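J.: After the sequence you'll find the predicted model.
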Amino acid sequence: MLKATLILMPFALALSLSACTTEQAYGSAQGWQRNQCARLPDKTEFDRCTSNAGPSYESYKRRNEAAQK
């Protein structure tokens with residue numbers, strides 16, 4: 001048990017130090033999705049994929065805040 005704790009402690013510390021904001025995480029996810037869209041050979045599928053890549057973070061945030069009320 002102690003050995004597992006000693007092994008996991010550096011990982012937990014690294015994760016907490018490299019924590020990103022919600023906006024950064026959203027941007028990274030959107031970037032990944034756009035990169036996946038770029039791999040599609042068909043123009044129609046590419047257009048559909050990029051249109052579904054999501055709104056800006058501000059639009060996303062406003063929509064979620066409105067849904068929570």
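T.: Yep, that arrived.
J.: element containing the residue nearest the centre of the chain?
T.: By CA atoms, centre = their mean, the chain has its centre lying nearest to residue 29, at 3.0 Å. Taking DSSP states H and E as the definition, residue 29 sits inside helix 22-38.
J.: Now the element after that helix, going C-ward?
T.: For helix 22-38, the following helix or strand on the C-terminal side (DSSP H and E) is helix 43-51.
J.: What is the least confident helix or strand in this protein?
T.: Least confident helix or strand, the chain: helix 2-17 with a mean of 59, by mean pLDDT, DSSP states H and E.
J.: sorry, back to before: now the helix holding residue 29, how far from the chain's geometric center?
T.: The chain centroid and the centroid of helix 22-38 are separated by 6 Å under CA atoms, centre = their mean, to the nearest Å.
J.: Output that helix in PDB with nothing but the alpha carbons.
T.: Taking Å, rounded to 0.1, in the frame of the first residue of the first chain, the C-alpha atoms of helix 22-38 are listed here in PDB:
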ATOM      1  CA  THR A  22     -11.600  24.800 -18.600                       C
ATOM      2  CA  GLU A  23     -11.100  27.100 -21.600                       C
ATOM      3  CA  GLN A  24      -7.700  25.600 -22.400                       C
ATOM      4  CA  ALA A  25      -9.100  22.100 -22.200                       C
ATOM      5  CA  TYR A  26     -12.000  23.000 -24.400                       C
ATOM      6  CA  GLY A  27      -9.700  24.600 -27.000                       C
ATOM      7  CA  SER A  28      -7.500  21.500 -27.000                       C
ATOM      8  CA  ALA A  29     -10.500  19.200 -27.500                       C
ATOM      9  CA  GLN A  30     -11.700  21.400 -30.300                       C
ATOM     10  CA  GLY A  31      -8.300  21.400 -31.900                       C
ATOM     11  CA  TRP A  32      -8.100  17.600 -31.700                       C
ATOM     12  CA  GLN A  33     -11.500  17.300 -33.300                       C
ATOM     13  CA  ARG A  34     -10.600  19.700 -36.200                       C
ATOM     14  CA  ASN A  35      -7.400  17.700 -36.800                       C
ATOM     15  CA  GLN A  36      -9.500  14.500 -37.000                       C
ATOM     16  CA  CYS A  37     -11.800  16.300 -39.500                       C
ATOM     17  CA  ALA A  38      -8.800  17.200 -41.600                       C
END
